[in-house]
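I would like to see how this sequence folds:
(4 chains)
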There are 2 protein chains.
Amino acid sequence: MKPIPKKRVCSVARSIEILGDRWIFLILREAFFGVRQYDQFQANLGIATNILSHRLKLLVENGILERKQDPQDGRRFRYKLTEKGMDLYPITLAFMKWGDRWLSGQEGPPLILKHKSCGRPLAPEMCCAYCRQVIDARDVAIGEYKFENV
Amino acid sequence: MKPIPKKRVCSVARSIEILGDRWIFLILREAFFGVRQYDQFQANLGIATNILSHRLKLLVENGILERKQDPQDGRRFRYKLTEKGMDLYPITLAFMKWGDRWLSGQEGPPLILKHKSCGRPLAPEMCCAYCRQVIDARDVAIGEYKFENV
DNA sequence: TAGCATTGCTTGCAAATTGCAAGCTATTTA
DNA sequence: TAAATAGCTTGCAATTTGCAAGCAATGCTA
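As a prediction, the model looks like this:
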């Protein structure tokens, strides 16, 4: 794929360069649901096999998934989230929350998660680590930007 | 584009269907930075004009941006984030945070944001609205799923 | 008020990507 | 030893992308 023009040096762009594709987060969703095998990804997503193998390769190359042969059965490979991959959970949750709110219709959210550590339904909020308030785009300004040449 | 097969009814998939594209979040990033005009999006992103107009159309159709003619200058149109669009800020921040952590290299994050309401640098965390703890994927389970036929 | 500039597109075309179906290889099971 | 399974690869048609050129509507300038 053609690289994104680097008009702004930006972590959003860098992330999107790897993750900005219609299949990546669906594969990751399945991984977060515990799916580990090629077959299972394929069956759960209905994705073409060539696309799936390409995306898995990409995720492995980028250190998001780890591919390990099953010692019990040499035909099988397990795709497991790395720490870097696990750290994509907030993005996945953010997609889910937005979809729950804006795309659910009358029936409400199709899936409700549970926060095991507190026992309540999971209600994710993006908040500020310092003041603990929920973050609103209107409360955010640019602090420092390292590349003022733009 | 071919619709995502609906093997699971899922808000992640519904969101991705609209947002899962390499340009969408870059356009949104610009919008969050205050960009409103076609020209500016084009110049800041280096995106082909046909692609840009297609994506803007898509965002408008999905109620994420609003397109309004400038009353001062009939040639100009302002693309403004709707409430639904503003609500995509957490996802954008989540992409940024992940990129800051995993793709920054030695130099550190290219951009530091400031939380105007508390005066500190913005450190976004995905936390549980009930217990206020930072959410880890390993602490989450499936609560209710409405479509057990899968 | 005629001509030029600006804004926001559209069109045409080559190249890349996607999705489907078939096939292939290495293991494992019967 | 043959059949089944897992994880792919390949070939091909259709769709999407990116580039460049062009165009219409509005505004500005002499």
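
Give me the buried positions along stretch A:31-40.
For stretch A:31-40, the neighbour count (16 or more other Cβ atoms under 10 Å in any protein chain shown) marks A:31-32, A:35-36, A:38 as buried. Every C-beta, even on glycine, is put in place using the N, C-alpha and C of the backbone.

Now for A:Lys80: which residues touch it?
A:31, A:36, A:65-66, A:68 (Cβ atoms under 8 Å, 6 or more residues apart in numbering or on different chains).

Where do the helices of chain A begin and end?
Per DSSP state H, chain A carries helices over the ranges A:11-19, A:24-32, A:38-45, A:49-61, A:83-86, A:89-102.

For B:Ala43, find the nearest of the ones you listed.
Between B:Ala43 and the helices of chain A, the shortest gap by Cβ to Cβ is with helix A:11-19, which sits at 15.2 Å.

ok now that closest one, how far from the chain's centre?
Centroid displacement of helix A:11-19 relative to its chain, using Cα atoms, centre = their mean, to the nearest Å, is 12 Å.

Same check on stretch A:100-111?
20 Å.

Show residues contacting it.
For stretch A:100-111, contacts defined as Cβ under 8 Å, 6+ apart pick out A:96, B:9-11, B:14-15, B:18, B:63, B:84, B:87, B:142-147.

Also stretch A:129-148?
Here stretch A:129-148 makes contact (Cβ under 8 Å, 6+ apart) with A:8-9, A:125-128, B:32-33, B:81, B:86, B:89-90, B:93, B:107, B:110-118, B:120-125, B:132.

Quick one: low-confidence residue ranges for chain A.
Chain A contains residues with pLDDT under 70 at A:148-150.

So which bits of it are right by DNA strand C?
Within chain A, the positions near DNA strand C by Cβ under 7 Å from any atom of the strand are A:1-2, A:21-23, A:46-51, A:54, A:73-75.

Buried only: go through the residues you listed for me.
Among these, those buried by neighbour count (16+ other Cβ under 10 Å) are A:21-23, A:47.

Between those residues, which sits nearest B:Gln42?
Of all these, B:Gln42 sits closest to A:Asp21, with 22.5 Å by Cβ to Cβ.

how much space is there between that closest one and B:Asp70?
As for A:Asp21, its distance to B:Asp70 is 35 Å (criterion: Cβ to Cβ, to the nearest Å).

Repeat that for A:Ile24.
A:Ile24 is 37 Å from B:Asp70, by Cβ to Cβ.

Those two: which is more packed in?
Using other Cβ atoms under 10 Å in any protein chain shown as the criterion, A:Ile24 and B:Asp70 rank with A:Ile24 on top: 19 against 12.

quick revisit: of the contacts of stretch A:129-148, select the buried ones using a ChimeraX command.
Those of the contacts of stretch A:129-148 that count as buried under 16+ other Cβ under 10 Å are selected in ChimeraX with:
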select /A:8,9,125,126,127,128 /B:32,81,86,89,90,93,110,111,113,114,115,122,123,124,125
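
and DNA strand D, which of the contacts of stretch A:129-148 reach it?
By Cβ under 7 Å from any atom of the strand, no member of the contacts of stretch A:129-148 lies near DNA strand D.

related to what we said a few turns ago, taking the contacts of stretch A:100-111 together, which two end up most distant?
Maximum pairwise distance among the contacts of stretch A:100-111 (Cβ to Cβ): 29.4 Å, between B:Gly63 and B:Ile142.

tell me which parts of chain A are close to DNA strand D?
Within chain A, the residues that sit near DNA strand D (Cβ under 7 Å from any atom of the strand) are A:1-2, A:37-39, A:49-50, A:53-54, A:56, A:67, A:75-77.

Tell me which two of the residues you listed sit farthest apart.
The span of those, defined through Cβ to Cβ, is set by A:Lys2 and A:Arg75 at 36.2 Å.
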